[in-house]
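A.B. asks: pasted the sequence and its predicted model underneath.
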Amino acid sequence: MNVETFVTDKAGLVKFYEAIIANNETYAPVEKFGKFDFKRVLTLAECDPDSPITKTMSAKPLFFPRSAKILKYSADASGTDVKETDEDPLTGKRVILGMKHCDARGLQVLDKVYNWDYIDSDYQKRRQNSVIISSRCDKAETHCFCTSLDYDVENLDAMDVLIVHGLDGKIFIKARTEKGETFLKANPIDPASGIQHSASEEGMKKQYDAFAASFRLKMDYKNVNGKLSKIFDTPEFENVSASCIGCNTCAFICPTCHCFKISDEKIKDTGIRYKSYDSCNNGYFTLMAGGHNPRPVKYRRWRQRAMHKFVYYKERFGENLCVGCGRCAISCPVNISIFEVVNQVATTV
Amino acid sequence: MDYTNQIREIATRLFTEDKIDVFVGYRMTGFDDNQVPALIRDPKEVSQLVFTDKSVFNLTNYLKNEHTRNKRVGLVVKGCDSRSLNLLLTESQVKRDKLYVIGIACEGVIDEAGNKMQNCMECVVPDAVVYDEMVGTPKGKQGYQVNADIHELASKELVERRAYFEEIFENCIRCNACRHSCPMCYCAKCCIDQETSTLYNGANTKSSAFHALMTWSLHLAGRCVDCRNCEKACPSHLPLHLLHKWNERVIFENFQEHLAGVQEGDRGAFYKYSMQDPNDFIM
């Protein structure tokens, strides 16, 4: 694919964003209580497309909502009536601004599981109808390790349009997929706003090099994958998970965790059935109707989460179920970092 | 505030004298200046222990942990932590003779931005109220003050106040981290986990978040010790303390200046019933 690269400055980028928000159904990070979450926006002033990753929730809920209505039902003496929900948020095309590149990668990982034995049509619709405009981070934060994992951060095709803030103040805009190219054609870049074609991509390369050099954490994921798969029974898991309080935060904010539960909201004889997030850290997650629980203690649940991320998913789909965003470590109330723990287990055992 | 050396000395002594099986304290994360709770079973690992003004987490939360249950535990408690320990003792969740408590005369802990935590600035009981050994110089009890954001909330109209709380419920993602991080939440099966319940169905809807958080805060009314574990655990950064501080103020003003866990043997405001109890604050 031979795609043009556009170059502009801060003012040009603002105009580009404003035009997108004015002409499309746009979702972007909106701040509330000091944390950014993706919400529908009508003006650029409401949101911050360059919100810091440390304070931004992942964009996963736009594709896999925290709670989605599956069906509604009503029952009376004549029988039960089950209907599809009347709410369908997926009809229109939409644009997602300010998604981090690790979140975009998270969607690539999720695509595999949602296209596996059962095709999740709602997820597919949301994916197909979304254009992802993502800017590459300027520098790595304390817990970031995306460059250490099994994907090419520099040439990631998960986002449709990539925005790079060059070191010299130049801002590059480039379509990475056909969808992105079509989008840029449909939302023509106004030459009056100071956006020009650029022949050179050197600025992008330089920005990437500086970004890649700013990482504190480096994981040898092949070593981790290989080691973990052999040490299922090590008591070390009990030690490393001892301070975990089993609070689920890590799973709920993870851009790749995808376990869910089904529950009903009932009012008399009518109700709505929801599909909502769940987590393998929950004690009742594997509890069976007869009372047996194959993961009755915390370290087994903890091990399951680590193994699913770095072993099971890898074996089945060839990719790690981790994108290295570090959100779990940032949000952990007791400051446990999955990177440190997995590395520790892989190196000490 | 740095009691690292004292804590290490005490822990070493306890292990040498074979008084404990596990020591619950803090250690550095190893990659930044934050700390992780440490459950130390091997005396060789005592050198990992630290205690500074970054020792934020309320460790009594670990007393319901499978690593500490039915074991002899050495435990570090700050003022607020010791209040929850007091309540756990009266509620028969831990046995006093299984515990060796190191009380800290706390000077206040700091948050991630390096500022003193708000609850420490208005702390009533900086020194541990239950302990076997005290570290630091006790300051004594401080006067209770209603904090500024509760005053602000109280000055609002009921409709406005409701709208503000609804904003909190709307941003809740129902991960239940607040409950898991709360030392006073120890029910084997929490009411908000009941899958068949119509109110707390686990769905991330505003009504379900409302019911879950309101039930939780009312269950903790008169038992919350304002350690802010919940608020630090919340991935949405919701100001959960408002729910609890609101209750705390009402209870303080109506129940003979009751503050949870300050007195030894405290049973919590709602554990005893008297015909003279006021009821005009209800609704």
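C.D. replies: Cool, got the structure.
A.B. asks: pull out the buried residues from the biggest strand by length in chain A.
C.D. replies: If you go by DSSP state E, chain A has its longest strand at strand A:67-76. By neighbour count with 16 or more other C-beta atoms under 10 Å in any protein chain shown, strand A:67-76 contains the buried residues A:S67, A:A68, A:K69, A:K72. Glycine gets a C-beta too; all of them are placed from N, C-alpha and C.
A.B. asks: after the strand or helix carrying B:L14, which helix or strand is next?
C.D. replies: Following DSSP states H and E, one finds B:L14 within helix B:4-16. Next along the chain after helix B:4-16, taking DSSP H and E as the criterion, comes strand B:22-28.
A.B. asks: adjacent strands (with direction) for that next one?
C.D. replies: Strand B:22-28 has its sheet partners listed here by DSSP bridges as strand B:35-40 (antiparallel), strand B:49-50 (antiparallel), strand B:73-77 (parallel).
A.B. asks: nearest to chain B, of the buried residues of strand A:67-76?
C.D. replies: Nearest to chain B among those is A:S67, at 3.7 Å by C-beta to the nearest C-beta.
A.B. asks: and the closest residue to the closest one other than its chain neighbours, how many neighbours?
C.D. replies: Closest residue to A:S67 apart from its sequence neighbours, by C-beta to C-beta, 6 or more residues apart in numbering or on different chains: B:N204 at 3.7 Å. The tally of other residues near B:N204 (other C-beta atoms under 10 Å in any protein chain shown) stands at 20.
A.B. asks: who in the stretch 101-250 of chain A is up against chain B?
C.D. replies: Residues of the stretch 101-250 of chain A lying near chain B by C-beta under 8 Å from any C-beta of the partner chain: A:T142, A:R216, A:L217, A:A242, A:S243, A:I245, A:G246, A:C247, A:N248, A:T249.
A.B. asks: wait, what's in contact with A:H165?
C.D. replies: Contacts for A:H165 (C-beta atoms under 8 Å, 6 or more residues apart in numbering or on different chains) come out as A:D50, A:S135, A:R136, A:D138, A:I171, A:Q207.
A.B. asks: quick one: low-confidence ranges for the chain?
C.D. replies: Defaulting to chain A. By pLDDT under 70, the low-scoring segments of chain A are A:1-2, A:86-91, A:188, A:190-195, A:199.
A.B. asks: actually it's chain B I care about, not the one you picked
C.D. replies: Counting by pLDDT under 70, chain B contains low-confidence ranges at B:195-198, B:281-283.
A.B. asks: one step back: among the residues of the stretch 101-250 of chain A next to chain B, which pair sits farthest apart?
C.D. replies: A:R216 and A:G246 (27.6 Å; C-beta to C-beta).
A.B. asks: buried sites along stretch B:211-219?
C.D. replies: Within stretch B:211-219, the residues that count as buried by 16+ other C-beta under 10 Å are B:H211, B:A212, B:L213, B:W216, B:S217, B:H219.
A.B. asks: contact partners of it?
C.D. replies: For stretch B:211-219, contacts defined as C-beta under 8 Å, 6+ apart pick out B:168-169, B:172, B:174, B:176, B:178-179, B:185, B:191-192, B:199-200, B:224, B:240, B:243-244, B:247.
A.B. asks: ok, B:C175 to A:G246 distance?
C.D. replies: Look at B:C175 and A:G246: by C-beta to C-beta, to the nearest Å, they are 11 Å apart.
A.B. asks: so between the two, which is more surrounded?
C.D. replies: B:C175 (26 against 18).
A.B. asks: how about that one: what's its closest non-neighbour residue?
C.D. replies: Nearest non-adjacent residue to B:C175 (C-beta to C-beta, 6+ apart): A:F252, at 3.8 Å.
A.B. asks: name the SS class of the one you found, please.
C.D. replies: helix (DSSP: H, G, I helix; E, B strand; the rest coil).
A.B. asks: how many residues are close by it?
C.D. replies: A:F252: 28 neighbours (other C-beta under 10 Å).
A.B. asks: could you do B:Q35 as well?
C.D. replies: 20.
A.B. asks: same question for B:L199.
C.D. replies: For B:L199, the count of nearby residues is 16 (other C-beta under 10 Å).
A.B. asks: show me the strands in the stretch 51-200 of chain A, by range?
C.D. replies: Applying DSSP state E, counting those that start in this stretch to the stretch 51-200 of chain A gives strands spanning A:67-76, A:79-84, A:94-99, A:130-135, A:161-165, A:171-175, A:196-198.
A.B. asks: surely B:R223 touches B:L87?
C.D. replies: Yes: contact between B:R223 and B:L87 holds when scored by C-beta atoms under 8 Å: they sit 5.8 Å apart.
A.B. asks: what sits in contact with each of the two?
C.D. replies: Listed as contacting both B:R223 and B:L87 by C-beta under 8 Å, 6+ apart are B:M184, B:A260, B:G261, B:G268.
A.B. asks: tell me the most buried of the strands paired with strand B:22-28?
C.D. replies: strand B:73-77 (a mean of 25; mean count of other C-beta atoms under 10 Å in any protein chain shown).
A.B. asks: contacts for that strand?
C.D. replies: In contact with strand B:73-77 (C-beta under 8 Å, 6+ apart) are residues B:7, B:10-11, B:14, B:19-26, B:51, B:55, B:59-60, B:63, B:85, B:98-104, B:128, B:130-131.
A.B. asks: quick check: next helix or strand after it?
C.D. replies: By DSSP H and E, the next helix or strand past strand B:73-77 is helix B:79-90.
A.B. asks: by contact count, what packs against that next one?
C.D. replies: Judged by 3 or more C-beta pairs under 8 Å, 6 or more residues apart in numbering or on different chains; DSSP states H and E, the packing partners of helix B:79-90 are strand B:99-104.
A.B. asks: and stretch B:57-77, what's buried?
C.D. replies: Neighbour count says stretch B:57-77 has B:57-65, B:67-68, B:72-77 buried, by 16+ other C-beta under 10 Å.
A.B. asks: still on that earlier bit, the helix holding B:L14 - contacts with which helices or strands?
C.D. replies: In terms of contacts (3+ C-beta pairs under 8 Å, 6+ apart), helix B:4-16 is packed against strand B:22-28, strand B:49-50, strand B:73-77, strand B:99-104, strand B:133-135.
A.B. asks: redo those strands as a markdown table? Include distance to B:E152.
C.D. replies: Output for these, formatted as a markdown table (distance: least, C-beta to C-beta, whole Å):
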| stretch | distance to B:E152 |
| --- | --- |
| strand B:22-28 | 34 |
| strand B:49-50 | 37 |
| strand B:73-77 | 31 |
| strand B:99-104 | 31 |
| strand B:133-135 | 37 |
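A.B. asks: re the thing from before, neighbour count for B:R223 and B:L87, which is higher?
C.D. replies: Higher neighbour count among B:R223 and B:L87: B:R223, with 27 against 24, using other C-beta under 10 Å.
A.B. asks: between the helices and strands packed on helix B:4-16, which one is closest to B:E157.
C.D. replies: strand B:73-77 (40.5 Å).
A.B. asks: quick one: that closest one to helix B:79-90, angle?
C.D. replies: Taking axes from the mean of the first three to the mean of the last three C-alpha atoms, to 10 degrees, one finds that strand B:73-77 is oriented at 140 degrees with respect to helix B:79-90.
A.B. asks: mind telling me what element B:V129 is part of?
C.D. replies: Using DSSP H and E, B:V129 falls outside every helix and strand.
A.B. asks: which ones are touching it?
C.D. replies: Going by C-beta under 8 Å, 6+ apart, B:V129 touches B:G79, B:S82, B:R83, B:N86, B:G103, B:G261, B:V262, B:Q263, B:E264.
A.B. asks: how many neighbouring residues does the second one have?
C.D. replies: It refers to B:S82. Applying other C-beta under 10 Å, we find 26 residues neighbouring B:S82.
A.B. asks: try the last one
C.D. replies: A count of nearby residues for B:E264, using other C-beta under 10 Å, gives 11.
A.B. asks: picking up where we left off before, now for the residue nearest to A:S67: which residues touch it?
C.D. replies: Contacts here follow C-beta under 8 Å, 6+ apart; on that basis B:N204 touches A:P65, A:R66, A:S67, A:Y274, A:S276, A:Y277, B:C172, B:I173, B:R174.
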